[in-house]
Every structure is written in structure tokens, then in C-alpha cells.
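> Sequence first, then the predicted structure, then my questions.
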Amino acid sequence: MEDPEKPPRPRRRGRTALLLTGAAALGLVAGTCAGYLVQVDREPTRLPPLSQPVLTQVKGPAPEPLSAERDGKLRTDGDLRKLLLKKPAGAKEADWVALSDGWVDIAAYADYFTEPGDKFSSLVTDEFRRAAVASWDVGSSYSVEIRLVQYRQEDSLAALDASRNHQEWAEHEPATDSWAVPGTGDGMVYVHNQPETFPGYESLYSAEAHAWRGDIVMEIGVWGNRPIAKKTIMDLAERQMERL
């Protein structure tokens, strides 16, 4: 008898276990062969056709193209200058705008800013497309300039970004009042109550408006030797945005 104090020794695998293992392996091989033979005798399953059934073409006239009122691209892809506000009766058109034929290229537009070189690079990155400008003098009271700047917007909403950037700069001007432009979402007008002074010149008051629609940014500036009324800049902004 074995000593009860010692753990039992492991049993060795006998011949019976080896025979059972071999039989199981033979069974798997035989099953695989039988399945292959069954598949060979069967008819191949047909695959569904790749082509779709032919659709019947609808008869009748094609739908009418969208009007300019319903398709903004018809307006904004045409002559951008035609969307600018017209010079009011009695006002005098600025000479330099007449010489430029109403168009401002990317280099000339960059010159509007304090660092034209940096602005030129950012305009290239922002996919500047074109800009149209109108400007006039209302007697000796004030001058108006309106710019419509269009971007390609293939990679970003450059028009929105540009408008908000202009608004941020305007808001930081001292002694400035601001109002929202109705119907524009986030369009704003700004009246700067503190004039700019230059040696040898009269003090210059200003007001500005910034808004966007689609791929176009609207920029309006008004300058004069007296404070600019809210009504003056707001009227220009509302009427210009209606044309977009």
C-alpha cells in the first residue's frame, strides 16, 4: 500500500488513451474529406448580377432653373460690382475708384492694412478671390467707401473669419458705440466718437460696418470732420446687405 502521508503519484497515460486520440484525429480527417466530396457534386450557386435594373426616364420638360432670388450664386458669381450700392444723387465719385474701374486686386487690398506684407500672405492662405469697391463724397460733410471682398472658401469659412476679425478691431477703438445690423445674424456697425488727429489736418471722425453673407464680406467706412450719425452708417449697412 502507498504511504498515506505522501501525495499520490501522477498516473501515466496508457495505451487506451493514445488509441482514443488517434481515432479522434482520423474522424476529423474523414469528415473533412466527405464534406469536400459533397461540395464537388453540387451545382455552383449563382451570384447576383452586379448591374442594377434600367430605370425608366421621366418624360416631360426639365424644371425651371432657380431665380436669382432663390439662388444666391447667380448674384455672387456674376459681376460683383453690380452688387455695390449706387452713388447717391448729388454725391461725387472718388477719383481713384474711377481709375481702378471698381476692382481691387489682392495687393491693393492688402495695402489697406498697417502691415500689407503679412496681410497679403494671410489673404493667399484664406483663398482671396476678388474685391469690388465703390466710394463717393457727400459734399464737404463726409466720404463713404464700400468694399465687397469675396473668398473661394474651399477649405474654411474665410468670409466669416474676416468679418469677425474686423469687428474685434473695431470694438477695441476708444469711445466707440456699436449696434447690430438687423437681419444679418452677427453684422455690426460702429461709431467712433473720438476723432483721429493728424498734424496740419482737421480732426477726422469715422464709423464703420462689418457683416458677411455666404462667401462675401461687406466692409463700409464713413469719414468726416464731424461725428458720424448712427443713422448714416446703419442705413448704408442695411441697404448694402439687402443687395447680397
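Alright, I've got the coordinates.

> Only C-alpha atoms from now on, for both contacts and neighbour counts.
Noted.

> Next up, the contacts around the residue nearest the centre of the chain.
Taking CA atoms, centre = their mean as the criterion, Leu157 is the residue nearest the geometric centre of the chain, at 2.3 Å. Contacts of Leu157 were listed using CA atoms under 8 Å, 6 or more residues apart in numbering, and they are Asp215.

> any idea of the pLDDT on it?
Model confidence at Leu157, given as pLDDT, is 93.

> check contacts around Arg213.
When the contact criterion is CA under 8 Å, 6+ apart, the partners of Arg213 are 159, 184, 244.

> low pLDDT regions in the chain?
1-43, 47-76 (pLDDT under 70).

> now the helices for it?
In the chain, the segments counted as helices under DSSP state H are 15-41, 73-76, 95-100, 106-110, 116-125, 158-171, 230-243.

> just checking, what packs against the last one?
In terms of contacts (3 or more CA pairs under 8 Å, 6 or more residues apart in numbering; DSSP states H and E), helix 230-243 is packed against strand 188-196, strand 204-213, strand 216-224.

> List the buried residues for the first one?
Under the neighbour-count criterion of 16 or more other CA atoms under 10 Å, strand 188-196 has 188-193, 195 buried.

> shouldn't Tyr190 be in contact with Ala180?
No. With contact defined as CA atoms under 8 Å, Tyr190 does not count as touching Ala180 (9.1 Å).

> thinking again about what came up before, mind picking the two most distant members of the buried residues of strand 188-196?
Comparing every pair within the buried residues of strand 188-196 by CA to CA identifies Met188 and Pro195 as the most remote, at 19.9 Å.

> any chance of the buried residues of strand 188-196 in a markdown table, plus distance to Ala132?
A markdown table is the format used below for these (distance: CA to CA, whole Å):
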| residue | distance to Ala132 |
| --- | --- |
| Met188 | 20 |
| Val189 | 20 |
| Tyr190 | 22 |
| Val191 | 24 |
| His192 | 25 |
| Asn193 | 28 |
| Pro195 | 28 |
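
> Enumerate the positions of stretch 138-151 that are buried.
By neighbour count, with 16+ other CA under 10 Å as the criterion, the buried positions of stretch 138-151 are 138, 142-151.

> Give me the contacts around it.
By CA under 8 Å, 6+ apart, the list of residues contacting stretch 138-151 reads 80, 84-85, 90-92, 126-137, 158-159, 215-226.

> Narrow these to just the buried residues.
Looking at these with 16+ other CA under 10 Å, the buried ones turn out to be 80, 84-85, 126-137, 158-159, 215-225.

> which residue packs closest to Leu80, ignoring adjacent ones?
Using CA to CA, 6 or more residues apart in numbering and skipping the chain neighbours, the partner closest in space to Leu80 is Ala132 (6.3 Å).

> who wins for proximity to Asn165 among the helices and strands packed on helix 230-243?
So among these, strand 204-213 is nearest, using CA to CA, at 9.5 Å.
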